[in-house]
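# sequence first, then the predicted structure:
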Amino acid sequence: MILEGREMDGIGNTMQKKAAELERLAEVLVTGEQLRLRLHEAKVIKDRRHHLRTYPNCFVAKELIDWLIEHKEASERDTAIKIMQKLLDQSIIHHVCDEHREFKDMKLFYRFRKDDGTFPLDSEAKVFMRGQRIYEKLMNTENNLLQTREEEGGAFERTLVASEFIDWLLQEGEMATREEAEQLGRRLLEHSIIQHVTNKHHFMDGPLLYQFRMNFRRRRRLIELLHERGRSIPESHDSPFCLRKQNSDGGNTSFLSVSPTKEIKVAVGVRRSSMSSSCGSSGYYSSSPTLSSSPPVLCNPKSVLKRQVSPEELQTPGGPFIKKTFTIIGDAVGWGFVVRGSKPCHIQAVDPGGPAAAAGMKVCQFVVSVNGLNVLSHDYRTVSNLILTGPRTIVMEVMEEA
């Protein structure tokens with residue numbers, strides 16, 4: 001174990017640098033998503049018309065800069081432009097028809113790629129989204145996994161026993177085998193999402209204790225995007241959830257609970273997602289070598305449907321369509337699907353790593369009802385708004401061809 005301790009001490013210089021880079025990327029992703037949710041809530045993001053054409057779910061650059069200054073996210077317009085340029089460089093936002101690679105303080109339409117299904121889900125982004133979904137699932141469900149435990153003479157809050165965490169991943173259907181679950185744990189650690197409580201060991205199936213290092217619910221300030229160094233890897237072995245011993249004057253000992261900064265409310269972070277789309281590649285969830293490279297984008301992606309059907313045809317007794325019901329619990333990223341069409345709406349795209357896919361949702365299914373409300377006569381904007389303003393857990397009835 002001496003060799004392993006030397007090898008893994010401080011995660012190692014090489015891994016430390018890589019982890020720092022990945023952590024900065026994660027902060028950009030989380031910060032961008034929190035801003036997107038706030039802008040939807042403030043109705044800064046909405047459908048807009050220009051030259052007889054409608055651009056769904058977009059914002060006006062000039063208006064957004066006004067909003068950022070009004071909400072104390074930027075002190076001046078130049079700072080606001082730099083913040084949004086950072087998001088554009090990382091492919092979080094883009095011009096609605098990709099005619100501008102710079103964020104300009106003008107009456108130009110921009111859109112979050114999460115809102116049109118063109119976000120480049122490369123392997124790194126998928127790890128963060130997977131980690132965020134697991135984090136929220138653990139935090140929002142009653143279980144005994146996260147507990148205060150002791151290791152190497154110290155007490156640590158909200159710890160996971162590696163073997164129990166792997167058991168839970170298998171039980172929840174996150175992974176199929178223990179080997180795959182252990183590999184997932186190693187990737188989460190390498191991306192600074194979890195860590196060993198004293199930062200001495202890589203993730204392995206056994207009795208060692210681990211914690212979530214990244215607090216996805218912390219409310220990020222946009223100005224943090226301009227801090228190039230980001231949040232650095234701590235040099236000490238102290239965990240963010242360590243119960244540190246303090247010596248008092250009387251010789252007794254007490255424990256001080258050390259936790260991350262203020263958490264963002266769950267209701268804000270999980271209720272909204274990319275529900276409608278107008279500009280994007282036909283693949284929607286195509287991968288990209290890096291988040292900084294912008295994939296080619298075509299306007300007005302074609303419908304995935306081979307033909308449109310009527311509500312009457314869907315409900316014809318003995319017809320070719322069968323009904324399915326899904327209960328989808330949105331995670332911190334959203335629900336993971338895109339709705340398009342009208343009377344009835346259909347599922348245009350499904351994130352293969354999202355909650356909707358896990359529930360069994362597929363493209364080309366027609367939306368019948370949302371939380372008990374029949375939506376066969378509504379268009380996708382109405383259905384999207386119904387979902388966005390509803391509860392985190394949605395029950396959807398769909399019809400698909402048998």
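Thanks, I have the structure now.
# pass me the low-pLDDT residue ranges in the stretch 101-250 of the chain, would you?
121-122, 228-250 (pLDDT under 70).
# need the helices for it, in chain order.
Ranges of helices in the stretch 101-250 of the chain, per DSSP state H, counting those that start in this stretch, are 123-140, 162-171, 178-190.
# buried sites along the second one?
What it means is helix 162-171. Of the residues in helix 162-171, those buried by neighbour count under the rule 16 or more other Cβ atoms under 10 Å are 162-163, 165-166, 168-169. Heads up, the C-betas are built off the backbone N, CA and C, glycines and all.
# now do that helix: everything it contacts.
Helix 162-171 has contacts (Cβ atoms under 8 Å, 6 or more residues apart in numbering) with 134, 138, 143, 145, 175-178, 181-182, 184-185, 203-210.
# quick one: distance of stretch 219-230 to the chain centre.
On the basis of Cα atoms, centre = their mean, to the nearest Å, stretch 219-230 sits 18 Å off its chain's mean C-alpha point.
# and the contacts of that stretch?
Contacts of stretch 219-230 (Cβ under 8 Å, 6+ apart): 20, 23-24, 27-28, 30-31, 34-35, 68, 73-74, 79, 82-83, 86-87, 262-264.
# let's see that with 7 Å instead.
If you take Cβ atoms under 7 Å, 6 or more residues apart in numbering as the criterion, stretch 219-230 is touched by 23-24, 27-28, 30-31, 34-35, 68, 73-74, 82-83, 86, 262, 264.
# could you do stretch 354-374 as well?
With Cβ under 7 Å, 6+ apart, stretch 354-374 has contacts from 304-305, 309, 314, 323, 326-331, 333, 335-337, 339, 344-351, 375-376, 383, 386-387, 390, 394-400.
# now with 6 Å?
Contacting residues not belonging to stretch 354-374 are listed as 304, 314, 326, 328-329, 331, 335-337, 344-347, 350, 375, 383, 386, 390, 394-400 [Cβ atoms under 6 Å, 6 or more residues apart in numbering].
# buried ones in the lengthiest helix in the chain?
In the chain, with assignment by DSSP state H, the single longest helix is helix 13-41. Across helix 13-41, burial judged by 16+ other Cβ under 10 Å covers 15-16, 19-20, 22-40.
# kindly report the same for stretch 334-342.
So stretch 334-342, judged by 16+ other Cβ under 10 Å, has buried residues 334-341.
# what do you get for stretch 72-87?
Under the neighbour-count criterion of 16+ other Cβ under 10 Å, stretch 72-87 has 73-74, 79-87 buried.
# now do the closest residue to residue 172 other than its chain neighbours against residue 118, distance only.
Residue nearest to residue 172 in three dimensions, not counting chain neighbours: residue 137, with 7.0 Å by Cβ to Cβ, 6 or more residues apart in numbering. Distance, residue 137 to residue 118, using Cβ to Cβ, to the nearest Å: 27 Å.
# ok, the two, which is more surrounded?
Shown here are residue 137 and residue 118; by other Cβ atoms under 10 Å, residue 118 has more neighbours (29 against 17).
# roughly how far apart are that one and residue 102?
According to Cβ to Cβ, residue 118 and residue 102 sit 18 Å apart.
# same question, residue 313
In terms of Cβ to Cβ, residue 313 sits 48 Å off from residue 102.
# ok, back up a step: I'd like the helices of the stretch 101-250 of the chain as CSV, with distance to residue 216 appended.
Listed next are the helices of the stretch 101-250 of the chain as CSV, based on distance: least, Cβ to Cβ, whole Å:
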stretch, distance to residue 216
helix 123-140, 5
helix 162-171, 17
helix 178-190, 12
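# returning to what we had before: which members of the contacts of stretch 354-374 are positioned in strands?
Assigned to strands by DSSP state E, the following of the contacts of stretch 354-374 qualify: 326, 328-329, 337, 345-347, 350, 394-400.
# how many other residues sit next to residue 203?
24.
# and residue 173, by the same measure?
8.
# look at the residue lying closest to it once chain neighbours are set aside and tell me its secondary structure.
If you skip the residues right next to it in sequence, residue 173 has residue 358 as its closest partner in space, 7.3 Å away by Cβ to Cβ, 6+ apart. Classification of residue 358 using DSSP: H, G, I helix; E, B strand; the rest coil returns helix.
# can you report how many residues lie near residue 358?
By other Cβ under 10 Å, neighbour count at residue 358 equals 19.
# could you check how far it is from residue 336?
8 Å.
# shared neighbours, these two?
The contact lists of residue 358 and residue 336 share no entry, where a contact means Cβ under 6 Å, 6+ apart.
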